[in-house]
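1. any chance you could fold what I've pasted below:
(one chain, ligands or ions: 1)
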Amino acid sequence: MKNAGEWNVERLLDEIRDEVCATSDYTGRAKLAERVIEAIRQVPRHAFVPEDWQSGAYCNSPLPIGHAQTISQPYVVALMTDLIQPCADDEVLEVGTGSGYQAAVLASLVKQVYSLEIIEALATTARERLQRLGYANVKVQAGNGCFGWPEHAPYDAVLVTAAAPQIPQALIEQLKPGGRLVMPVGDRYSGQELRLLKKDERGRLEQRSVLPVRFVPLIGTAQCSSI
Ligand code: SAM
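-> Numbers count the residues shown, from 1 in each chain. Alright, predicted model coming up:
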């Protein structure tokens, strides 16, 4: 017999599948990889959602996490995860740790996740939460992700969970040949698109727009160069 939380996850997965199907004309994806679906099933989203919002933990919507920030909509988390085509041996950089939920989903799929969060209090809480939940392959650091995390570069994939008018140059430089980067690009709170950038084996870049989205802004972009 399943408990209520498990039923809620299954309902959430149905909603994600429906939304993936409904947006396939934009995204080019009619379904997500089964291992991405399984990662969403396994990661306990309620453990990343504040006490006051527990009843909505398995709803397909973003929720506040304090500091004027949000935990992203599960459909968007699933789609972004799928777009970077995570492999078991990958090392992935996430910019915008927030609650740590996206990092946990990635950690279930790849070898190592490095995650940067500009708000120190969020970085500390997420680090402790991920440790407590047993995600040993995630390293969280407080800092401006616009500069990437050069010590651990290059990365097989980079996933940015806040929007900027352009993609920071450092993140592209820290991507391996053959690497994938996904990021919301556009103005503050409106007119944004999720963009997928691929670097081929010869270092050539190819980008495409995947979906209209609405993300919180990437802070501190003025100090870094972008393309
Ligand atoms: N991935 C998060 C999760 O699973 O909860 C959701 C991220 S929230 C939509 C965006 C996050 O990006 C916020 O926590 C925000 O503080 C962080 N952020 C904004 N600008 C940043 C920057 N320059 N470097 C690192 N983190 C940044």
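2. quick one: contacts for the most centrally placed residue in the chain?
-> Central residue of the chain (CA atoms, centre = their mean): residue 102, 4.8 Å from the mean position. For residue 102, the contacting residues are 72, 77, 80-81, 94, 96, 159, 161, by CB atoms under 8 Å, 6 or more residues apart in numbering. For glycine as for every other residue, the C-beta is placed from the backbone atoms N, C-alpha and C.
3. for this protein, what lies in contact range of the ligand?
-> Selection of the chain residues close to the ligand by CB under 6 Å from any ligand atom yields 69-72, 95-96, 98-99, 101-102, 116-119, 122, 144-146, 161-162, 215-216, 218-220.
4. show the buried residues in the residues you listed.
-> Buried members of the residues of the chain next to the ligand, scored by 16 or more other CB atoms under 10 Å, are 69-72, 95-96, 98-99, 101-102, 116-119, 122, 144-146, 161-162, 215-216, 218.
5. tell me which element the residue nearest to residue 141 when sequence neighbours are not counted falls in.
-> Of all residues not flanking residue 141 in the chain, residue 116 sits nearest, at 5.6 Å (CB to CB, 6 or more residues apart in numbering). According to DSSP states H and E, residue 116 maps onto strand 112-117.
6. any idea of the mean pLDDT for the longest helix anywhere in the chain?
-> Secondary structure of the chain per DSSP state H: the longest helix is helix 4-22. Taken as a whole, helix 4-22 carries a mean pLDDT of 88.
7. need the next SSE after it, C-terminal direction.
-> Sequence-wise, the next helix or strand downstream of helix 4-22 (DSSP H and E) is helix 24-27.
8. list the buried residues for that following helix?
-> Judged by neighbour count (16+ other CB under 10 Å), helix 24-27 contains these buried residues: residue 27.
9. again, but for stretch 117-137
-> 117-119, 122-123, 125-127, 129-130, 133, 135, 137.
10. tell me where the model's unsure across the chain.
-> Applying pLDDT under 70 to the chain flags the ranges 1-7, 189, 227.
11. remind me, longest strand of it?
-> Of all the segments assigned as strand in the chain under DSSP state E, the longest by residue count is strand 175-185.
12. and that strand, how far from the chain's centre?
-> From the chain centre to the centre of strand 175-185 is a distance of 12 Å (CA atoms, centre = their mean, to the nearest Å).
13. moving C-terminal from it, which element do we reach first?
-> Where DSSP H and E defines the elements, the next helix or strand beyond strand 175-185 is strand 192-199.
14. sheet partners, orientation included, of whichever helix or strand comes after that next one?
-> The element immediately downstream of strand 192-199 (helix or strand, assigned by DSSP H and E) is strand 205-213. Strand pairing for strand 205-213, using DSSP bridges, gives strand 192-199 (antiparallel).
15. can you give me the angle the strand it pairs with makes with strand 175-185?
-> 170 degrees (axes from the mean of the first three to the mean of the last three CA atoms, to 10 degrees).
16. circling back to that earlier point, check which helices and strands the longest strand of the chain sits against.
-> Contact here means 3 or more CB pairs under 8 Å, 6 or more residues apart in numbering; DSSP states H and E; on that basis strand 175-185 packs against helix 74-83, strand 155-160, helix 169-173, strand 192-199.
17. show me the contacts for residue 205.
-> So residue 205 contacts 172, 197-199 (CB under 8 Å, 6+ apart).
18. state the distance from it to the ligand.
-> 21 Å (CB to the nearest ligand atom, to the nearest Å).
19. fine by me, we can end here.
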